[in-house]
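> Provided below are the primary sequence and the corresponding predicted coordinates.
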Amino acid sequence: MKLRRATLSDERLIANWLQNDTDCFYATGEDVYSADMYRSWHEASDQFGYILMKDDQPVAYGEIWEDVEERDLELAHLIVHPSYRNQGIGKQLVRMLQKECLAFPYPWIFLRIEPENSRAQKCYAGVGYIEDESLRTTCDSRWIWMKARNGQA
């Protein structure tokens with residue numbers, strides 16, 4: 001598997017992967033996906049999108065968000081193609097994004113997860129992320145926050 005930078009034309013992939021309302025909500029925090037949503041992710045100067053390829057087929061998408069002020073990173077909008085779920089692709093995506101995170105001089109990588117998304121929580125715990133309960137009260141109580149040291153997860 002290999003990771004490549006996402007392009008604007010990858011929007012069609014994301015749209016196809018987020019047809020289910022629950023999938024959309026878990027990945028975006030919104031009930032309905034739109035092309036404008038992806039465009040805003042792609043054009044943000046502090047968000048870096050990637051496509052995970054398996055045998056020349058796109059199988060997952062994820063972003064690295066850089067927060068210069070807080071001196072940390074966040075993995076966001078993690079999406080696995082519906083046909084490739086429950087096969088370890090999510091873990092592989094996170095591991096490969098973590099390798100990209102090594103290029104940034106920040107000690108922590110964070111993830112936020114909808115509380116009902118137990119599959120994602122299990123996936124991230126399986127690659128070394130631990131829950132940071134303090135962030136539920138200091139940042140936003142809606143999400144479960146998980147973190148790993150950059151370079152040590």
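It's in.
> didn't R4 look like it was pressed against G49?
No - using C-beta atoms under 8 Å, R4 is not in contact with G49, being 10.0 Å away. (Glycine included, C-beta is placed from N, CA and C.)
> who has more neighbours, the two?
G49 (21 against 12; other C-beta atoms under 10 Å).
> what about the residue nearest to the more buried one when sequence neighbours are not counted, distance to R119?
Once flanking residues are discounted, G49 sits nearest to A6: 3.4 Å by C-beta to C-beta, 6 or more residues apart in numbering. Relative to R119, A6 is positioned 23 Å away (criterion: C-beta to C-beta, to the nearest Å).
> higher neighbour count, the two?
A6 (23 against 14).
> how about that one, what does it touch?
42, 49-51, 61 (C-beta atoms under 8 Å, 6 or more residues apart in numbering).
> cool, Y38 as well?
10-11, 14-15.
> mind redoing it with 10 Å?
Y38 makes contact with 6, 8, 10-15, 18, 28, 49, 61, 77 under the criterion C-beta atoms under 10 Å, 6 or more residues apart in numbering.
> flag the shaky bits of this protein, pLDDT-wise.
138-141, 152-153 (pLDDT under 70).
> helices of that one, residue ranges please.
11-17, 21-28, 35-43, 89-101, 118-125, 134-138 (DSSP state H).
> what does the last one rub up against?
For helix 134-138, the external contacting residues (C-beta under 10 Å, 6+ apart) are 110, 112, 115, 132, 141-147.
> likewise the second one?
Applying C-beta under 10 Å, 6+ apart, the external contacts of helix 21-28 come out as 14-15, 17-18, 20, 30-34, 37-38, 41, 61-62, 76-80, 82, 85, 113-114, 116-117, 119-120.
> having no further points to raise, I will conclude here.
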